[in-house]
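S.K.: Predicted model follows, preceded by the sequence.
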Amino acid sequence: MLFKLFYMITFKNVTKIFKSELFTKPFQALDDLSFEVEGGKVTGFLGANGAGKTTSLKILMDFVRLTKGEVEFSKELGNTNHEIFQNIGFLPERAYYYPHLTGREFCYYMGGLVGLTKNEVNQKIQQWAHKFKIEFALDRKVRTYSKGMLQRIGFLVTLLHDPKVIILDEPLSGLDPIGRKELKDIIVEVKELGKTVFFSSHIVSDVEEVCDRVIFIKDGRLVYQGGVQEILDKSDSLVTEIKYLENERIQTLEVSSSLKSQKLQELIGSNKEIVSVNNKRLTLEEIFYKV
């Protein structure tokens, strides 16, 4: 069965300049940034802090107006802004949770904003709460929730209205390894339901585990977009680890595989005893930090 490639979201030459005070220079957060978010896939949005990830997501959600360029949405999401944003679920990095409400009341409130009845919200709670492992806390005040529990209830409410696209800003930040694993499993499950997931992160290893595609940005510019496996295959990701004896101590040297023979000859020529030679492939995280 053939699946047609289509893009849910397209950034076209987007530039964002924040004007500052009279005697300070304007700050350019995004510089002619173009990329596509493919439908039905999980796409990771990577960059160091300050790279422009959150600004891009705010522009996408129309919270911040771009200076130049264009953001296009697939007709799959609708023809008007109202239709489009009805089909998007968004979890910001620093979401506000009404502390005096219980988790269940918060779900009712957020569901009501998109026109859901209590009965419809209850059906979604029944579908997702146990997967988020939050059902035990739904009748507790939100102010008693930990960081991880807030992330879970926040992610849950983004799914209440059954959106076609889920956008998450640093959803795994601040979670313990178990919490990250559980939310990553849900991201994969959401994708298997035919949803498009686009999430920003600086935890590259998590992105490598769950994403089909990845977008790297640096200083507001595109560095790379494409398949996760593609960047692993295309980059000089195979390195050789050489261990040798020097002054009765084992030293470790990593070189690109293309330089392996040359480096071994140099070590042997200087009478170093070679202990071991092993090839290994860099992870996406190691490639990212090389970039």
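M.R.: Ah, there it is. Numbering: from 1, shown residues only.

S.K.: pretty sure G40 contacts G194?
M.R.: Yes: between G40 and G194 there is a contact under CB atoms under 8 Å: 6.1 Å. Just so you know, the C-beta spots here come from the backbone N, C-alpha and C atoms, and that holds for glycine as well.

S.K.: Give me the more crowded residue out of these two.
M.R.: G40 (19 against 9; other CB atoms under 10 Å).

S.K.: Roughly how far does the more buried one sit from Y7?
M.R.: According to CB to CB, to the nearest Å, G40 stands 11 Å off from Y7.

S.K.: now swap in E241 and tell me
M.R.: In this view, E241 and Y7 are 40 Å apart by CB to CB.

S.K.: got any ranges where the stretch 1-150 of the chain has weak pLDDT?
M.R.: 1-5, 22 (pLDDT under 70).

S.K.: For it, just list every one of the strands.
M.R.: All strands of the stretch 1-150 of the chain, identified by DSSP state E, counting those that start in this stretch, fall at 7-18, 27-38, 42-46, 68-73, 88-91.

S.K.: Columns mean neighbour count on top of the ones you listed, output as TSV?
M.R.: As requested, the strands of the stretch 1-150 of the chain are exported to TSV (neighbours: other CB atoms under 10 Å):
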stretch	mean neighbour count
strand 7-18	18
strand 27-38	19
strand 42-46	25
strand 68-73	15
strand 88-91	21
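
S.K.: Just tell me which of the ones you listed ends up closest to V114.
M.R.: strand 88-91 (9.3 Å; CB to CB).

S.K.: That closest one: partners in the sheet, and parallel or antiparallel?
M.R.: strand 165-169 (parallel) (DSSP bridges).

S.K.: What mean pLDDT does the strand it pairs with get?
M.R.: Here strand 165-169 scores 94 as its mean pLDDT.

S.K.: need the contact list for E83.
M.R.: L77 (CB atoms under 8 Å, 6 or more residues apart in numbering).

S.K.: repeat for K243
M.R.: Counted by CB under 8 Å, 6+ apart, K243 has contacts 250-253, 274-277.

S.K.: With T43 instead?
M.R.: By CB under 8 Å, 6+ apart, the residues touching T43 are 37, 196-199, 211-215.

S.K.: can you check K16 too?
M.R.: If a contact means CB under 8 Å, 6+ apart, then K16 has 28-30, 52, 55, 59, 64, 66-67, 220 as its contacts.

S.K.: If you go by neighbour count, which of those residues are buried?
M.R.: Buried by 16 or more other CB atoms under 10 Å: 29-30, 52, 55, 59, 64, 66-67, 220, out of the contacts of K16.

S.K.: Which of those fall in helices?
M.R.: 55, 59 (DSSP state H).

S.K.: With distance to Q127 added, can I get the buried ones among the contacts of K16 in TSV?
M.R.: What follows is the buried ones among the contacts of K16, written out as TSV (distance: CB to CB, whole Å):
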residue	distance to Q127
A29	38
L30	37
G52	35
T55	33
I59	31
V64	33
L66	36
T67	41
G220	39
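
S.K.: I'd like the distance between S173 and Y97.
M.R.: For S173 relative to Y97 (CB to CB), the value is 16 Å.

S.K.: Count the neighbours of the residue lying closest to E241 once chain neighbours are set aside for me.
M.R.: The shortest distance from E241 to any non-neighbouring residue, by CB to CB, 6 or more residues apart in numbering, is to N278 (4.8 Å). By other CB under 10 Å, the residues close to N278 number 10.

S.K.: same deal with K260?
M.R.: Count around K260 with other CB under 10 Å applied: 17.

S.K.: pretty sure it is touching T240, no?
M.R.: Yes: when contacts are counted by CB under 8 Å, K260 is listed as touching T240 (4.3 Å).

S.K.: quick revisit: tell me the one of the contacts of K243 nearest D162?
M.R.: T252 (51.8 Å).

S.K.: can you pull up the bridge partners for the closest one?
M.R.: Taking DSSP bridges as the rule, T252 bridges to K243.

S.K.: Settle this for me: it is touching L245, isn't it.
M.R.: No: in this structure, T252 is not within contact of L245 by CB under 8 Å, at 11.3 Å.

S.K.: now the helices for the stretch 101-250 of the chain?
M.R.: 103-113, 118-132, 147-158, 177-192, 204-210, 228-234 (DSSP state H, counting those that start in this stretch).

S.K.: okay, the angle between the second one and helix 103-113?
M.R.: Just to be clear, that refers to helix 118-132. Computed by axes from the mean of the first three to the mean of the last three CA atoms, to 10 degrees, the angle separating helix 118-132 from helix 103-113 equals 130 degrees.
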